[in-house]
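**Student:** Following is a predicted model, sequence given first.
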Amino acid sequence: MGITTLVLFGFVLALLAPWLYRVGRRATGWILATLPLMQLMYFASFVRPIAQGEVFVFGSAWVPSLKTSLSFFLDGLSLIFALLISGIGALVVIYAGGYLAGHHQLGRFYGYLFMFMASMLGVVLADNVIALFVFWELTSLSSYLLIGFDHEREAARRAALQALLVTGVGGLALLAGLLLLGQVGGSLELSTLLSQGEMVRTHHLYLPILLLVLAGAFTKSAQFPFHFWLPSAMEAPTPVSAYLHSATMVKAGVYLLARLSPVLGGSDSWHYLVTLAGAVTMLVGATLALFQTDLKRLLAYSTVSALGILTLLIGLDTTLSIQAAMVFLLAHAFYKGALFLVAGAVDHETGTRDVTQLGGLRQVMPITAVAAGLAALSMAGLPPLLGFISKELLYEAKLQAPRAAPLITGAGVLANVLLVAVAGIVGIRPFLRERTATPKNPHEAPPSLWLGPVMLAGLGFIIGLLPNTVAAPLVSPAVTAVRAEPTEVTLALWHGLNPVLLLSVLTLASGVGVYFGRGVVRRATSRLEPITHWGPARWYDVALDGMNALARAQTRLLQSGYLRYYLLMIIGTTVGLTAYTLAARGGFPRPHGFADVRFHEVGVAALIFLAAVTAVRARSRLAAVAALGVVGYGVALVYVLFGAPDLAMTQVLIESLTVILLVLVFYHLPRFASLSPQRARYRDAVVAVAAGGLMTALVLVAASMRFHPPISHYFAENSFVRAHGRNIVNVILVDFRGMDTLGEITVLALAGIGAYALLKLRLEKKEGG
Amino acid sequence: METILAVVIGALYATGIYMMLRRSLVKLIIGLGLLSNGANLLIFTVGRLTRARAPFIPEGAETLTPPYADPLPQALILTAIVISFGVLGFAVVLFHRAYQTVGTDDLDEMKATDT
C-alpha cells in the first residue's frame, strides 16, 4: 500500500466513521484505532532505511498545469512527526471512545478526528508546497470543527472561530510566502527547494518570504502575540486538546520552521525573529500558566511555553539546538500528551478540573496516578526520564548559543523553573494529600482512559532509561534532515558533573520553591492582572468588531434594497469603466459617412426612434404598449430591408403576441403614475442617455473594425450538402446548433410552466380571510 | 446606415434603461421590451449590414455564393427574440401576480412584504 493511499484513506474513514459508529457502538474506538496503528507500523518500516540515509519521494500529478502535485516526501524529520501523529493518534482514538462514551455525536467526532489525522499526516509528508498548504488549512478546519464540537455552548463556538481565524489568516500569509518561495526557488517541490537555500537567501524577496512564512508558522504554533487562541481552544473535548493542541497540530508551525530551515535559515533575520518570538512565548506561556487553576488551561499555557522553547531552539540554528529540539519534541509529546489525557480522566471521574478542588486521588485512581506522576516528573526534568535528557540538551544548546548565550540561558532557566512548578500543580498535587469532596465520586478510569497516559508516560520512562533506542534511528535522521548535513546523535542520562547539571539542580530546587510559594507569587503578581486584559486576545476582539462594523457599513451603503439603485450602480459602473477604457485607448469612433443612406431607411429609423420616445412620454398604459409595438414592427422592417426575412417574420409574430399579452394584463394593472420626484427623473435621464450614448459609440466602434473573418461561409457551403436545407438560418438553428435550440425551447417551456403556475396559484391567505 | 442605426440603438437603450429605473412595475416591463429590441438590433448591426440577398440557397444550387447576408447573427437574434419574449411573458405574469398579492405596483412599497 502506497503512502498516498494510506494518507488519503484517513479521509475515507472520516466519511465512514459516523456509520461505523452506528454499527460498532462502544467498540468503535478500538476498531478505528487500527488505521493509525497500521500507519504507525508502516512508518516504522521506514525507520531503518531512513536511518541509513535514504529519502523517499512518492507522488502523483494533481493539477500539472499549475505545477501542483500530490507528492509526498519522507525523510528523518517527516518520519519523527508521522510516527508521533499515528502513534498518539491511535491512543487518542481509543481514549475518545471511553471519554465520550454514550455521546450522541461520537460518530461525527470520529469523523472530524480522522479528517484531522489525515490532514496532519499530509502536512508533515507533503512534498509539494501547494499540497502542504491545502493539508495545513484542512488541519485548521478540522481543528475548528473539533473545538466547536460541543456547539451548543457559546464559548466553544467562539473559541473555535477564534482559532480558525487566527490560524486561517496565518495560513493565507503562508500561502503567499510559499508561492513566492516557489517562484524564487524555481520549484514547488520541497525536495528540490531544500537545495536552493543559498539562492533564496540572497534573493531580494527573501525578507517578504521569511515574514510571510513566519506569520503562518507563528499563528499555527501559538507564538506570542498569537498565543491566545490556544488556551481558548481548551473548550474542545480533552482528547482533542491532547492530540491537536498539544502533541500534533500546534507543532505544525515548528515542523514548518524545521523543514524550511535549510532554505530560509542561516540568516540574521531568521535567527533574530525566530529566537525572539520563541523566547518571549516561552516566558509568557510559563508565567501565565502559573495563574491558572483549571487543569487544562494550566497545561495549555505550559504547551504555549513548550512551543516557544521549540521555536527558540530552531532559531538558535546550531546542530546542538536542533538536536535538543528533536529530543524535546519527543519528550514533550509523551509527557504533555499523558498529562492532558490524565486531566481528561480526572475530569471524567471527579467532574471537575479545578486543581484547588482536587486531592488524594492516588487512593481511588492508582493507575492514572502513576502515569501522571511519571509524566509530571518528566516535565519537571527529573532523571531518569526523557524530560531530564531533553532539558540537559536544552541547557547545553542555550549555553552554546551563538549570540546572547547568558541572556537566553537565563530566560530558559526561568521558564523551566516555572514549568517545574506547573508540573507539580498538574501531575502531582491532585493525587497527593487528603481526599477532597468532588462533584462526582471518582473511581479508577476504564482501560480506554488509562491506556493512553500509561503508554505515553511509560515511553518517556523507558526511553529515558535507554535513550539510544531513539537516538540513532529517529533523532539522528531528523537532525540530519534539518541541518542538511549528516549528524550522529548519541544520548545519555549522565553527562558528568558540569554546568548543565548545576543548572538542572538549580532549576529543580527553585521550581519546588515556586511550587510551595505559588500563593505568594500569585498574590504579588495579581496586580498585573489588568495588563492581561489588554493583551492580544483583546486586539483580536477589537479587530473582529472592526471587521464586522466595516461589513455592516459597506452593506448599508451598497445593499439599499431598491431595484433602481442596484440598476443605477451597475449601469453607472459599466458606463464609467467602458467609457474610460474607450477614451484611454483612443477608441472613440468617428461617424461613418452618410453616403449609402436611403430615404425609406431613414424613415424606418426615425419611426423607431420616435416610437421609443413616445413609449417613455406616454401618459397611458395603452399608448405605451402601442408605442412599444411600433418599435417592434419598426425593427422588423429593418430586418426586411437588410436581408433577414426570417427575423422579420419572427419579430412580427412575437411583437403581436407581446402587444396582446401586455394589453390583456395591463388592463388589470393600475394606471401609470409619476412616482419619482423631478430630481430623480433628471438623474435617471442623465444615466440613461449616457448609457445609450455609450452603446451608440460601441456599435460604431464595432462596425468600423473586424477582428475575425466571418465563419458563415462554412454554413453557406454545407447547409444543403450536409444538412439538406436551403434556408441557412433555419439549418443553423435546427441542425448545426441544434442543442442550443433545444436549450432555448427548454427555457421557453420553463417560462411557460412558471407563468402557468403563477396564474393558477391560489392566494390562500386572501381566500381564507 | 450603421451610423443611423447606432443612434437608434442608443435611443432604445436609453429609453429602456430610463423606464427600468422607474418605480412603477408597469413602466419597468415597457423598459424591458425596449431594451430587448435594442439588444437584438445591436447584434444585427454589429454583424454587418448588407442589402444583399437573404441567406437562402436557390433551387438547383448546392451552395450559396457571396454576396449574401450573414446567417449567423440572424440565427442568434432569432433565438434572442424568442427568449426575450419568454422573459417578458414571465415577467408580466409575475408582476401581475405580485400586484394581486401586494396591491401596489410601486416597487418601493414592495420592499419588505412577506405576504
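**Tutor:** Looks like it arrived, so ask away. These numbers come from a predicted model, not from an experiment.
**Student:** Check which helix or strand A:Ser71 maps to.
**Tutor:** Counting by DSSP states H and E, the secondary-structure element that holds A:Ser71 is strand A:68-74.
**Student:** Now do that strand: distance to the chain's middle.
**Tutor:** Going by C-alpha atoms, centre = their mean, to the nearest Å, the spacing between the C-alpha centre of strand A:68-74 and its chain's C-alpha centre is 19 Å.
**Student:** ok, and what's touching stretch A:172-188?
**Tutor:** A:67-69, A:128-130, A:132-133, A:136, A:192-193, A:196, A:199-200, A:203, A:205-206, A:208-213, A:215-217, A:219, A:256, A:260, A:263-264 (C-beta atoms under 8 Å, 6 or more residues apart in numbering or on different chains). From N, CA and C alone the C-beta is placed, and that goes for glycine too.
**Student:** how about a cut-off of 6 Å?
**Tutor:** Contacts with stretch A:172-188, where a contact means C-beta atoms under 6 Å, 6 or more residues apart in numbering or on different chains, come from A:67, A:128-129, A:133, A:193, A:196, A:200, A:203, A:205, A:209, A:212-213, A:215-216.
**Student:** go on, stretch A:495-513?
**Tutor:** Surrounding stretch A:495-513, the residues in contact under the criterion C-beta under 6 Å, 6+ apart are A:392, A:395-396, A:413, A:416-417, A:420-421.
**Student:** hmm, try it at 7 Å
**Tutor:** A:380-381, A:391-392, A:395-396, A:399, A:413, A:416-417, A:420-421 (C-beta atoms under 7 Å, 6 or more residues apart in numbering or on different chains).
**Student:** Likewise for stretch A:153-161?
**Tutor:** The contact list for stretch A:153-161 (C-beta under 7 Å, 6+ apart) reads A:144, A:147-148, A:150-151, A:232-233, A:235.
**Student:** How about stretch A:387-406?
**Tutor:** Contacting residues not belonging to stretch A:387-406 are listed as A:309, A:313, A:316, A:318, A:320-321, A:323-324, A:327-328, A:331, A:335, A:378-382, A:408-409, A:412, A:416, A:460, A:464, A:467, A:491, A:493, A:495, A:499-500, A:503-504 [C-beta under 7 Å, 6+ apart].
**Student:** Of those, select the buried ones using a PyMOL command.
**Tutor:** With 16 or more other C-beta atoms under 10 Å in any protein chain shown as the burial test, the buried ones among the contacts of stretch A:387-406 are selected in PyMOL as follows:
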select buried, chain A and resi 309+313+316+320+321+323+324+327+328+331+335+378+379+380+381+382+408+409+412+416+460+464+467+491+500+503+504
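**Student:** Could you report the neighbour count for the nearest residue to A:Phe228 once chain neighbours are set aside?
**Tutor:** Computed as C-beta to C-beta, 6 or more residues apart in numbering or on different chains, the closest residue to A:Phe228 that is not its neighbour in sequence is A:Ala537, at 4.0 Å. Other residues near A:Ala537 number 16, with proximity taken as other C-beta atoms under 10 Å in any protein chain shown.
**Student:** do the same with A:Tyr21
**Tutor:** When counting by other C-beta under 10 Å, one arrives at 23 neighbours for A:Tyr21.
**Student:** pretty sure it contacts A:Thr28?
**Tutor:** Yes - in this structure, A:Tyr21 is within contact of A:Thr28 by C-beta atoms under 7 Å, at 4.8 Å.
**Student:** Overlap of the contact sets of those two?
**Tutor:** Overlap between the neighbourhoods of A:Tyr21 and A:Thr28 consists of A:Tyr110, taking contacts as C-beta under 7 Å, 6+ apart.
**Student:** about what we covered before: report the angle between the helix or strand following the strand holding A:Ser71 and strand A:68-74.
**Tutor:** Past strand A:68-74, heading to the C-terminal end, the next element that is a helix or strand (DSSP H and E) is helix A:76-99. With axes from the mean of the first three to the mean of the last three C-alpha atoms, to 10 degrees applied, the angle from helix A:76-99 to strand A:68-74 works out at 90 degrees.
**Student:** ok so, going back, can you pick out the most distant pair from the contacts of stretch A:153-161?
**Tutor:** The largest separation in those, counting by C-beta to C-beta, is between A:His151 and A:Ser232 at 15.1 Å.
**Student:** Okay, buried residues for stretch A:229-236 please.
**Tutor:** Within stretch A:229-236, the residues that qualify as buried are A:229-236, counting by 16+ other C-beta under 10 Å.
**Student:** typed the wrong thing, it's stretch B:79-95
**Tutor:** B:79-93, B:95.
**Student:** Give me the contact list for that stretch.
**Tutor:** Counting by C-beta under 7 Å, 6+ apart, stretch B:79-95 makes contact with A:650-651, A:654, A:657-658, A:661-662, A:665, A:740, A:744, A:747-748, A:751, A:754-755, A:758-759, B:25, B:29, B:32-33, B:36, B:39-40, B:43, all of which sit outside it.
**Student:** And what about the residue lying closest to A:Leu20 once chain neighbours are set aside, helix, strand or coil?
**Tutor:** Beyond its immediate neighbours in the sequence, the residue positioned closest to A:Leu20 (C-beta to C-beta, 6+ apart) is A:Thr28, lying 6.0 Å away. Per DSSP: H, G, I helix; E, B strand; the rest coil, the secondary structure class of A:Thr28 is helix.
**Student:** was I right about A:Thr28 contacting A:Pro18?
**Tutor:** No - applying C-beta under 7 Å, one finds A:Thr28 not in contact with A:Pro18, separated by 10.0 Å.
**Student:** So if I had to pick from these two, which one is more boxed in?
**Tutor:** The residue with the greater number of neighbours, taking A:Thr28 and A:Pro18 and applying other C-beta under 10 Å, is A:Thr28; the counts read 21 against 15.
**Student:** Kindly state the pLDDT recorded for that one?
**Tutor:** A:Thr28 is assigned a predicted lDDT (pLDDT) of 82.
**Student:** residue contacts, residue 76?
**Tutor:** Assuming you mean chain A. Going by C-beta under 7 Å, 6+ apart, A:Gly76 touches A:50, A:477-478, A:480-481.
**Student:** Chain B is the one I meant
**Tutor:** So B:Leu76 contacts B:Ile43 (C-beta under 7 Å, 6+ apart).
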